[in-house]
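> Okay, here's the prediction I keep looking at, along with the sequence it came from:
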Amino acid sequence: MAATFRIRTLGVQPGLQRERVEARLMLLFRRPLAAVRPIADGNGALLKKGLDLASAERYREALARCGCASAIEADTVLPAARAALADYAALLQAQLAALDPGRRWQYLAEEGELFGVPGPASPYPLELAVPLERLYQEWLAASPAASDDLLRYTAGMVLMGNTPGTVEEAARYLLPIVRNSAERGQAMLAAARGYSPLLFRPLCEGLEVGLAYHRGSVVHRVAQAHLDAWDMSEDAAFDAAFANLRARSSLPLQSSPQGVFGGAWDDGYDSSRMLLPELLAAVVTHGRPVVMVPTRGLLMVCSDKCEVGLDAMLKAAIDAMREEKMVTPRMLRLVDGRWQVFVPPAHARRLNSLAKYADSNDYRMQKELLKARAAASGQDLYIATYMVGKTGPEQRRTSACTWTRGVPSLLPRTDLLCFADPASSDAPITVRWDAAQPVIGALMQRTGDCPPRYLVDGFPNAVQLAQLADIAAAARREAKEQARAQAKAAQADHDAAAPTVLLAPPRPAWQALRTVFARWADTKPAHAR
């Protein structure tokens with residue numbers, strides 16, 4: 001019987017900075033901060049099991065290089081005739097090499113993965129990282145007679161999930177997808193060993209159209225490397241995807257009593273149907289179509305003239321976003337063939353709060369990945385926080401970030417921009433982002449991150465700071481005037497709504513005096529009259 005071992009966490013090594021250790025763990029596991037935080041906590045969580053002793057020791061050494069202590073424990077015993085994880089990796093690699101001869105494979109014992117780099121003539125062009133633990137356990141559970149068949153099936157599924165081999169197959173299984181741009185940005189940052197750009201086309205603010213390859217249970221996004229392997233143009237790929245979506249969208253939209261229409265396809269591509277204008281035009285005959293796609297599997301449509309429908313759609317979107325992965329919390333209206341963000345006045349406050357909530361989540365995840373990348377490269381760069389607070393008499397949720405003198409930073413795109421000088425006793429200058437751009441736009445460099453970030457290495461000079469201070473002062477005066485105007489209008493509305501009181505006409509002065517003397521006379525005692 002051959003013993004196997006497991007790894008348990010013991011926390012951050014003494015004397016090391018926890019934040020730096022967490023950044024290294026994020027890169028090691030290619031997972032967000034929330035996923036690696038329990039490892040740094042040292043709560044004895046089980047990380048790996050079923051490892052041979054050599055693999056367990058290498059795994060412990062990898063964690064130690066990250067600054068995290070761990071312990072090796074005896075796990076279970078397996079029949080000596082069955083291979084260890086490293087042996088299984090070699091068997092699977094042989095099957096993969098037979099299907100894709102030009103690929104160069106490497107077994108990464110610390111991560112329990114097979115990593116393959118495509119060759120020049122490889123029909124499967126993307127780099128591949130294959131986690132082995134689950135596959136290994138399934139293979140151990142199979143009977144000896146079925147193990148070889150399972151290896152061949154696993155190798156085929158791994159490569160088919162990368163890309164098919166012919167353009168004809170691709171054309172049959174492509175579909176358009178609507179995604180949040182931040183999702184692609186996170187994928188770019190999380191790619192630790194190279195990245196083939198995903199195909200996308202901008203749709204509207206924060207949204208884009210991508211391509212998915214969907215064949216059976218295999219679903220993955222299409223990258224530029226796929227098109228290169230198929231010798232297929234981007235236009236041809238999108239045309240094929242839209243044709244496939246139309247072919248599976250023969251069912252009409254279903255109506256609700258509130259005037260909201262939705263699909264009954266239940267195939268995970270409901271949100272993609274917003275890309276078919278003929279489907280929307282068939283149900284919205286008055287006004288312009290407004291859609292909400294809060295999740296991938298939900299499309300809601302109504303007219304921009306239907307107040308009841310807009311309210312019902314917003315409430316349903318809020319409920320859906322609590323349960324599933326979010327696409328966008330915004331309402332979108334189709335105007336002259338283009339989707340635009342639509343904010344009905346009656347729902348402006350709630351829509352703004354939802355948008356700030358979604359953007360805050362996207363920027364928080366992005367910040368974690370950017371910090372991990374900066375820590376791994378030794379780059380001294382501050383990743384500014386996307387802050388949200390309430391401002392103004394209406395307490396509207398507003399985003400802000402801080403630009404600090406002497407601190408190279410990556411700034412998020414926010415409503416307000418605060419300029420702070422630690423060496424000055426003056427209060428920071430706060431200006432709306434759009435108003436500040438004509439003054440300091442040349443000092444900001446847009447990066448390729450999604451959601452957008454701006455690299456700033458300098459700071460506004462004295463002249464520019466004076467201009468920004470004037471803009472801020474003007475904005476404060478305008479805000480005060482608006483507040484006074486709103487207060488005056490509210491008082492006028494209150495007075496108009498108050499009941500009318502009829503007042504008696506004023507009396508002459510002599511009559512008022514007579515009344516006073518009469519009252520005084522009445523109060524005198526009888527003997528004094």
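Cool, the structure landed.

> correct me, but Val130 touches Gly116?
Yes: at 7.5 Å, Val130 and Gly116 qualify as touching, with contact defined as Cβ atoms under 8 Å. Heads up, the C-betas are built off the backbone N, CA and C, glycines and all.

> any idea which helix or strand comes after the helix or strand harbouring Ala435?
Using DSSP states H and E, Ala435 sits within helix 433-440. Once the chain leaves helix 433-440, the next helix or strand it forms, by DSSP H and E, is strand 445-446.

> I'd like the distance from the spatially most central residue of the chain to Leu150, if you could.
Of all residues in the chain, the one closest to the mean position by Cα atoms, centre = their mean is Asp362, 3.4 Å from it. The gap separating Asp362 from Leu150 is 40 Å, by Cβ to Cβ, to the nearest Å.

> follow-up on the earlier one: got the contact list for the helix holding Ala435?
Defining contact as Cβ atoms under 8 Å, 6 or more residues apart in numbering, one finds that helix 433-440 is touched by Arg413, Thr414, Asp415, Leu416, Leu417, Pro460, Gln464, Gln467, Leu468, Ile471, Ala475.

> buried ones in stretch 94-106?
For stretch 94-106, a neighbour-count test (16 or more other Cβ atoms under 10 Å) marks Gln95, Leu96, Leu99, Asp100, Arg103, Trp105 as buried.

> The fourth one reaches Val158, doesn't it?
No: under the criterion of Cβ under 8 Å, Asp100 makes no contact with Val158, lying 9.6 Å away.

> Quick check: the residue nearest to the centre of the chain vs Glu394, distance?
Applying Cβ to Cβ to Asp362 and Glu394 gives a distance of 25 Å.

> chain center to stretch 199-209: distance?
14 Å (Cα atoms, centre = their mean, to the nearest Å).

> Quick one: mean pLDDT for stretch 226-245?
For stretch 226-245, mean pLDDT rounds to 92.

> Flag every buried residue along it.
226-227, 229-230, 232, 236-238, 240-242, 244-245.

> give me phi/psi at the nearest residue in space to Leu211 that is not next to it in sequence?
For Leu211, ignoring the flanking residues on the chain, the nearest one in space by Cβ to Cβ, 6 or more residues apart in numbering is Val222 at 4.0 Å. Reported as degrees, to the nearest 10, the phi and psi values for Val222 are phi -90, psi 130.

> Also Glu205?
Residue torsions, per degrees, to the nearest 10, at Glu205 are phi -60, psi 110.

> Over to the one 5 residues further on?
Listed backbone geometry of Gly210 is phi -120, psi -170, with angles given as degrees, to the nearest 10.

> And the one 3 residues further on, by the same measure?
For Tyr213, the backbone dihedrals are phi -100, psi 120 (criterion: degrees, to the nearest 10).

> Over to Ala129?
phi -120, psi 120.

> Test my guess that it contacts Tyr107.
No: the pair Ala129 and Tyr107 does not pass the contact test of Cβ under 8 Å, sitting 11.7 Å apart.

> per-residue confidence averaged over the biggest helix by length in the chain?
Among the elements of the chain assigned as helix by DSSP state H, the one spanning the most residues is helix 462-497. Mean per-residue pLDDT for helix 462-497: 87.

> With stretch 387-397 instead?
87.

> for stretch 18-29, same thing?
78.

> now do stretch 419-432
Rounded mean pLDDT across stretch 419-432 is 92.

> And for it, what's in contact with it?
400, 402-406, 415-418, 459-460, 465, 468-469, 471-472, 475.

> buried set for the longest helix of the chain?
Result for helix 462-497 [16+ other Cβ under 10 Å]: buried residues Gln464, Leu465, Gln467, Leu468, Ile471, Ala472.

> same check, this time on stretch 432-446
Arg432, Trp433, Ala436, Val439, Ile440, Leu443, Met444.

> quick one: which of those residues is nearest Glu183?
Minimum distance to Glu183 across the buried residues of stretch 432-446 is 23.7 Å, recorded for Trp433 (Cβ to Cβ).

> SS state for the nearest residue to Tyr269 once chain neighbours are set aside?
Spatial nearest neighbour of Tyr269, chain neighbours left out: Leu175 (6.1 Å); criterion: Cβ to Cβ, 6+ apart. Assigned with DSSP: H, G, I helix; E, B strand; the rest coil, Leu175 falls in the strand class.

> Tell me if I'm right that Leu175 and Ser271 touch.
No: using Cβ under 8 Å, Leu175 is not in contact with Ser271; the gap is 11.4 Å.

> Mind checking which of those two has more residues around it?
For Leu175 versus Ser271, neighbours defined as other Cβ atoms under 10 Å are more numerous around Ser271 (25 against 22).

> Name the SS class of the more buried one, please.
helix.

> list the contacts for the residue lying closest to it once chain neighbours are set aside?
Spatial nearest neighbour of Ser271, chain neighbours left out: Val293 (3.9 Å); criterion: Cβ to Cβ, 6+ apart. Counting by Cβ under 8 Å, 6+ apart, Val293 makes contact with Val178, Asp270, Ser271, Met274, Leu299, Met300, Val327, Thr328, Leu332.

> so how far is Glu234 from Val293?
23 Å.

> returning to that earlier point: tell me the one of the buried residues of stretch 94-106 nearest Arg18?
For the buried residues of stretch 94-106, the nearest to Arg18 is Trp105 (35.6 Å; Cβ to Cβ).
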